[in-house]
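> just coords:
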């Protein structure tokens, strides 16, 4: 029984990458053109009004401007990196990424 398991693992292990979801294997890097945030490895497709297109961009870091991830395809401002919250500490100021 153990021998059969080892043989099965030996056959499947080299092909394991083929079983990964489509999304994980074909993610775009920052700077690449995109049409939806789910295409980007950073999960942020930022609109570029100068070139009338969109590109993958990194998520906002601490103290940077941010907006929540919307259901839309393209962001105006990227959401915060993991572990940060997009909040406004002052009603007059725009939202920024903070540790909470």
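Received the coordinates, thanks. Nothing here was measured: the structure is a model prediction, and the numbers come from that model.

> which residue sits closest to residue 83 in space, ignoring its chain neighbours?
residue 99 (7.2 Å; CB to CB, 6 or more residues apart in numbering). Glycine gets a C-beta too; all of them are placed from N, C-alpha and C.

> Pull the number of nearby residues for residue 54.
Using other CB atoms under 10 Å, residue 54 has 23 neighbouring residues.

> so it is in which element?
Under the criterion of DSSP states H and E, residue 54 resides in strand 53-56.

> Show me how far whichever helix or strand comes after that strand is from its chain's centre.
Once the chain leaves strand 53-56, the next helix or strand it forms, by DSSP H and E, is strand 84-87. Relative to the centre of its chain, strand 84-87 is centred 16 Å away, using CA atoms, centre = their mean, to the nearest Å.

> Remind me what strand 84-87 packs against, helices and strands.
Identification of packing neighbours for strand 84-87 by 3 or more CB pairs under 8 Å, 6 or more residues apart in numbering; DSSP states H and E yields strand 96-99.

> and the strand it packs on, which residues are buried?
For strand 96-99, a neighbour-count test (16 or more other CB atoms under 10 Å) marks 96, 97 as buried.
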